[in-house]
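Chemist: what follows is a protein structure lacking sequence information:
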């Protein structure tokens, strides 16, 4: 089962993930929300849409913009709506 771990803490775990561009996307109910703090960062992907970011905060350490999601995806990426990937959570 896919699991996201940072700073020795499990952030998400699910057998209902989607893999896109090498990133594991977790469904919202798999996320331990106490570790996710909203960020003001946004980026745009030409085929997925506008991404919003979270900073991870675990055991007194912070990992800025380490998790992202697409709240309103373009039609080509609708399977990713509201799912969170972990591709950079290794700072």
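Modeler: Now that the structure is in, tell me what you want to look at. Keep in mind it's a predicted model, so treat the numbers as computed, not measured.

Chemist: tell me where the chain has strands.
Modeler: 3-6, 9-13, 18-20, 23-26, 36-45, 49-58, 61-69, 84-86 (DSSP state E).

Chemist: just name the most buried of the ones you listed.
Modeler: strand 84-86 (a mean of 24; mean count of other CB atoms under 10 Å). Bear in mind the C-beta positions are built from the backbone N, C-alpha and C, glycine included.

Chemist: and the strands of the chain: which comes nearest residue 77?
Modeler: strand 49-58 (6.6 Å; CB to CB).

Chemist: what angle do strand 9-13 and the closest one make with each other?
Modeler: Counting by axes from the mean of the first three to the mean of the last three CA atoms, to 10 degrees, strand 49-58 points 150 degrees away from the direction of strand 9-13.

Chemist: the inter-axis angle of strand 49-58 versus strand 36-45?
Modeler: 150 degrees.

Chemist: what packs against strand 49-58?
Modeler: Contact here means 3 or more CB pairs under 8 Å, 6 or more residues apart in numbering; DSSP states H and E; on that basis strand 49-58 packs against strand 9-13, strand 36-45, strand 61-69.

Chemist: turn the ones you listed into CSV, columns for mean pLDDT and distance to residue 55.
Modeler: Shown next, in CSV, are the helices and strands packed on strand 49-58 (pLDDT from 0 to 100; distance: least, CB to CB, whole Å):
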stretch, mean pLDDT, distance to residue 55
strand 9-13, 95, 12
strand 36-45, 96, 5
strand 61-69, 94, 5
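
Chemist: need the ones you listed in JSON lines (columns: distance to residue 29).
Modeler: Listed next are the helices and strands packed on strand 49-58 as JSON lines, based on distance: least, CB to CB, whole Å:
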{"stretch": "strand 9-13", "distance to residue 29": "10"}
{"stretch": "strand 36-45", "distance to residue 29": "13"}
{"stretch": "strand 61-69", "distance to residue 29": "13"}
